[in-house]
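>>> I would like the atomic coordinates for the input below:
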Amino acid sequence: MLFDMNNLHAAITSLLTPVIAILIASVAFAVLESGIAIGERLFGLRQMRQSASDAVIKTARHRLERADLLARIPPMLGLMATIIPLGPGLAALGQGNPAQLAQAVTTAFDATVLGLIAGIAGLVIGKLRRRWYEDVLESLES
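This next block holds a predicted model:
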């Protein structure tokens with residue numbers, strides 16, 4: 001056999017800690033990105049209206065890509081971190097250890113929430129920025 005299922009299970013289980021670390025970093029990045037967006041709304045858009053449209057397009061593209069990644073990747077990682085602990089938790093339940101299942105479910109739900117927080121922030125920031133940049137570009141064209 002090319003691979004052993006126990007090794008595969010161990011490898012997948014070992015992904016939980018890095019995925020949760022990335023989720024925590026994603027929430028921190030979402031908070032940072034929210035602060036940048038607030039500053040951009042209060043001060044940056046005025047400066048953009050005085051810039052060349054090529055510079056605005058380049059800046060907009062870069063910032064929208066960051067928001068789009070934030071909106072898409074953390075929810076997927078949250079799903080991964082939801083599913084990974086449920087396998088061992090269900091196995092523990094089969095062995096008569098409901099406390100381990102309870103811990104696995106708690107970890108799974110916490111990971112889901114982290115992914116959704118970061119994803120929602122990315123979605124909102126992206127939608128707002130698209131509207132802001134369209135307004136700036138329209139004012140530059142006129």
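>>> how far is the lengthiest helix in the chain from where the chain is centred?
Looking across the chain with DSSP state H, the single longest helix is helix 98-141. On the basis of Cα atoms, centre = their mean, to the nearest Å, helix 98-141 sits 6 Å off its chain's mean C-alpha point.
>>> for that helix, packing partners?
helix 16-39, helix 45-48, helix 53-83, helix 86-94 (3 or more Cβ pairs under 8 Å, 6 or more residues apart in numbering; DSSP states H and E). C-beta here means a position set from N, CA and C on the backbone, and glycine is covered the same way.
>>> Which among those is found nearest to V113?
helix 53-83 (7.6 Å; Cβ to Cβ).
>>> if we compare the helices and strands packed on helix 98-141, which one ends up closest to F109?
Nearest of the helices and strands packed on helix 98-141 (Cβ to Cβ): helix 53-83, 7.4 Å.
>>> in that closest one, what counts as buried?
56, 59-60, 63-64, 66-68, 70-71, 73-75, 77-82 (16 or more other Cβ atoms under 10 Å).
>>> And for stretch 6-19?
L16, V19.
>>> Export only the CA atoms of that stretch, formatted as PDB.
In PDB, the C-alpha atoms belonging to stretch 6-19 read as follows (Å, rounded to 0.1, in the frame of the first residue of the first chain):
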ATOM      1  CA  ASN A   6      -2.900   5.900  10.300                       C
ATOM      2  CA  ASN A   7      -0.200   8.100   8.900                       C
ATOM      3  CA  LEU A   8      -2.700  10.000   6.800                       C
ATOM      4  CA  HIS A   9      -4.900  10.600   9.800                       C
ATOM      5  CA  ALA A  10      -1.900  11.700  11.900                       C
ATOM      6  CA  ALA A  11      -0.800  14.200   9.100                       C
ATOM      7  CA  ILE A  12      -4.300  15.700   8.800                       C
ATOM      8  CA  THR A  13      -4.700  15.900  12.600                       C
ATOM      9  CA  SER A  14      -1.300  17.800  12.800                       C
ATOM     10  CA  LEU A  15      -2.800  20.500  10.500                       C
ATOM     11  CA  LEU A  16      -5.200  21.700  13.200                       C
ATOM     12  CA  THR A  17      -2.700  23.800  15.100                       C
ATOM     13  CA  PRO A  18      -1.300  25.600  12.100                       C
ATOM     14  CA  VAL A  19      -4.800  26.200  10.700                       C
END
